[in-house]
Every structure is written in C-alpha cells, then in structure tokens.
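Visitor: One predicted model, sequence on top.
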Amino acid sequence: MKTYTDYIWLNTKNRYDIVNITGEVEDALEKSGVKEGLCLVNAMHITASVFINDNESGLHKDFLEWVERLAPYGKDKYKHNLTGEDNGDAHLKRTIMGREVVIAITKGKLDFGPWEQIFYGEFDGQRKKRVLVKIIGE
C-alpha cells in the first residue's frame, strides 16, 4: 500500500470565501501514483471547512448567506469572543459545513458523482491556512 501527503496553502482576500480546490487535489493524486484507494481532504484550521458540492457561484453565495444567518458575525455575540477573539461565528460555521471529505480513487481518478467538486470554505480568512491531502491505496 502507498501513502502520499501533500498540503494546499490558501490565504483568502476576504474573511468569508469559497475556493474550488479540485485541481490541486487532482494534482496531488497524480503525484501519488495511486490508482485505487481513498483520498482524504481535511481543513487544518478550526475556522475553515472542506466540502463537496456543485461549482455554481449562486449556490456558493447561498451557502455563505445561509451560514451567516445561522451563526452571524458579531464581536459581542459569542462567549468565545470574550477571550479576545472575534471569530466565534467562524467556529460554528465550520462545524455546519464540515471538516473533511473522503473521495474514492478509481483508475487513478477521483471518483465523483455528477457535478461534484471539492471546495475550501473560509470563515475567518485573510491569513495563511493549509489543507491536508492524504492519499492511500495501490
């Protein structure tokens, strides 16, 4: 069995953003040489998310508006912010949107359903963060 580890580094211009990272994950898969196995893609920060969905800009805006309604930004809204932080909302948004995804690898390709792609969701951006790509298989 082979294993391969890579990292995707991001620094979003905006506090909240959704970034398509499918191409970077596909590049890591190609470097790994794995033809059959699994690919884990994990946000390595507790205020960011990785999820799979459709690459449609209206849907991405819907996601950001939806999580903002569920966990609105506000320095005085969250007990976490009493520690001097202002990102209590970002922790909740990450929990809603998820920490990681696992994708099957078949014949050397990510085995997606129709329209599926991998996205990085940022909820406390404008600083350098990383995403883990861990590939295992044969």
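Guide: That came in fine, so what should we check first?

Visitor: At which residues are the helices of this protein located?
Guide: Here the chain has its helices, by DSSP state H, at 22-32, 57-70, 88-97.

Visitor: chain center to stretch 10-20, what's the gap?
Guide: Its chain's C-alpha centre and that of stretch 10-20 lie 10 Å apart, by Cα atoms, centre = their mean, to the nearest Å.

Visitor: Now do the buried residues in it.
Guide: For stretch 10-20, the neighbour count (16 or more other Cβ atoms under 10 Å) marks 10, 12, 15-19 as buried. Yep, even glycine has a C-beta here, placed from its N, CA and C like the rest.

Visitor: got those residues as TSV, with pLDDT and distance to residue 63 columns?
Guide: As requested, the buried residues of stretch 10-20 are exported to TSV (pLDDT from 0 to 100; distance: Cβ to Cβ, whole Å):
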residue	pLDDT	distance to residue 63
10	98	17
12	97	15
15	96	15
16	97	10
17	98	11
18	98	7
19	98	12
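
Visitor: how about the strands in the chain?
Guide: 2-10, 17-20, 37-43, 48-54, 100-106, 109-110, 116-122, 129-137 (DSSP state E).
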